[in-house]
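A structural model of the following input is requested.
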Amino acid sequence: MNLKLYLLTRITAVALLCLFATLTYVLQSSAQQSAMQAQNTLAALGKQLELQLFKLSAGEKPANSFPDFDLWKQTGSEPGICASYLTNDGETMRNYCKGIDLSNHHYPKHFAELYRRLFGPDFDWQRPITYNDQVYGVLTVSVSAELSIARAWDDVRDLLALSAATITAVCLLVYLAVSRALQPAQAIVAGLNRLSSGDLAFRLPNFNLLEWRQTATAINQLADNQQQLLAERQKLAVMLMNLQEEERRYLARELHDELGQCLTAIHAVATGILQTAQQNCPELITEAEQISRFTQAMQQSVRELLTRLRPTELDELGLDASLRSLITSWNRLGKTHYDLHIFGDCRTLTEPLAISLFRITQEAVSNIAKHASASQADITLAVANTGALLTIQDDGSAIALPFATDHGIGLLGMRERIAALNGRFALHLAKPHGLIIQASLPLEQPGSTE
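So this is what the prediction gives:
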């Protein structure tokens, strides 16, 4: 859930809970107000009646017979209050009710039913009327249920209107405040996405809020460390690749100069033995021919090994000729037909770039021969002013990505080599089946050695 919506729902829930508690308090206060009104009326009217008894006992003749409610009618009578007096013998009874105008009071029926169930608004209070410890009768005061319900509804309605306005205003202010406070969160998420996509040079700004500022500082520090580690890793990878190429060059030179010359000498000696055996010792002809065949086979193996270690065309003729020679040698096998397309001038490439492009192509072609079961493969190299794009596509058996990791380290080696040169490596599925390898290498490269 969105954080702003989460906070708003929680705030609204708390506000509604507070509103419910306030409504309960208001309803109870309204019920208590009605009860207090009846009790005050009972006390005031009871004192008036007792005062009338005192005057009667003193011999004073009142204008009206006992009990007289006229004074209460003139001074303390309120709408909705009913008073009744019953003598001890049950014969003399006096009732008075001051009606209320319900046309100005409107309340829902369901509210009235709920109020009656909760508070029972039919109030009746009684008090004995005594004088000189003698009880003359019982005074009863009651409050109209409609009056109590109307008062309660008026209070609830006012509270609901005020609460609705308050909750709306608070939620709006909270939403605006939270939205403004959470604006850095969007910037942080966008920055993390850029960092995860490889843009380690991006840095978050300093925010006003302390928590966001601390978060941005920690993320920037992490990006600095990651960028430094990546730079060191790339530098180390370039050094290792250069060292590997130097070792391959050294091994190729040693194989060519030492083992190659020895095999040539052995072949020459075997040829001499064969010629001598043909004239003087025919029994050695077979052995001499076997030595010559073995020597030629070893020379062929050495030439193939030299091609894999360090093609002579790469140093003498450049990347273009080396790739064409590589593709020609693989086409001789006849299992897969390879087509090579080169656009641009390969001579503008630096030596590390040229070697890497050759090695990537060499590994990709080898993987196609071993695992793809393809009949056709296209290799396209496009060299521009800013970099080189190598695309290798086959019609092999690949139908899903990613591949299992237990089939060698060919793709991993390509990925590591390209990452060391600040390049991009991507795999895609061809239609209807097959694999597309794309390697993009920029011309500007990090320093290889110090």
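
And the strands in the protein, which stretches?
Assigned by DSSP state E, the chain shows strands spanning 81-87, 93-97, 123-131, 134-143, 337-343, 376-383, 387-394, 424-429, 435-442.

Quick one: neighbours of Ala388, just the number.
Taking other Cβ atoms under 10 Å as the neighbour definition, Ala388 ends up with a count of 24. Where C-beta positions appear, they are placed from N, C-alpha and C, glycine not excepted.

For it, give me the pLDDT.
Ala388 is assigned a pLDDT of 93 by the prediction.

give me phi/psi at Ile431?
One correction, residue 431 is Lys, not Ile. Recorded main-chain torsions at Lys431 are phi -110, psi 130, according to degrees, to the nearest 10.

Count the residues that sit near it.
Burial of Lys431, expressed as a neighbour count using other Cβ under 10 Å, amounts to 8.

Let's see the pLDDT reported for it.
87.

right, so the strands of the chain: which one is the most enclosed?
Looking across the strands of the chain with neighbours counted as mean count of other Cβ atoms under 10 Å, the highest average goes to strand 387-394: a mean of 22.

Okay, angle between that one and strand 435-442 too, please.
Using axes from the mean of the first three to the mean of the last three Cα atoms, to 10 degrees, the direction of strand 387-394 lies 170 degrees away from that of strand 435-442.

Just want to check the distance between the residue nearest the centre of the chain and Gln214.
For the chain, the residue lying nearest the average C-alpha position, counting by Cα atoms, centre = their mean, turns out to be Val189 (8.5 Å). Between Val189 and Gln214 the distance, using Cβ to Cβ, to the nearest Å, works out to 16 Å.

again, but for Glu289
Shown here: Glu289 relative to Gln214, a distance of 83 Å by Cβ to Cβ.

Looking at the two now, which is surrounded by more residues?
Comparing Glu289 with Gln214 by neighbour count (other Cβ under 10 Å), the higher total belongs to Glu289, at 15 against 11.

residues contacting the closest residue to that one other than its chain neighbours?
Setting aside the residues directly before and after it, Glu289 is nearest to Leu274 in space (Cβ to Cβ, 6 or more residues apart in numbering), at 6.3 Å. When the contact criterion is Cβ atoms under 8 Å, 6 or more residues apart in numbering, the partners of Leu274 are 285, 288-289, 292.

Redo those as JSON lines? Include pLDDT.
Putting the contacts of Leu274 into JSON lines (pLDDT from 0 to 100) gives the following:
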{"residue": "Ile285", "pLDDT": "84"}
{"residue": "Ala288", "pLDDT": "82"}
{"residue": "Glu289", "pLDDT": "85"}
{"residue": "Ser292", "pLDDT": "85"}
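
Just the buried ones among the residues you listed, please.
Buried residues within the contacts of Leu274, counting neighbours by 16 or more other Cβ atoms under 10 Å: 288, 292.

out of the contacts of Leu274, which are inside helices?
The members of the contacts of Leu274 that map onto helices under DSSP state H are 285, 288-289, 292.

Same list (those residues) but as CSV, adding distance to Ala382.
Rendered in CSV, the data for the ones in helices among the contacts of Leu274 read as follows (distance: Cβ to Cβ, whole Å):
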residue, distance to Ala382
Ile285, 57
Ala288, 53
Glu289, 51
Ser292, 47
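
Now the two most distant members of the residues you listed.
Comparing all pairs in the ones in helices among the contacts of Leu274 by Cβ to Cβ, the longest separation belongs to Ile285 and Ser292, at 10.6 Å.

neighbours of Glu254, just the number please.
By the criterion of other Cβ under 10 Å, Glu254 has 11 neighbours.

just Trp153 next, same as before
Burial of Trp153, expressed as a neighbour count using other Cβ under 10 Å, amounts to 19.
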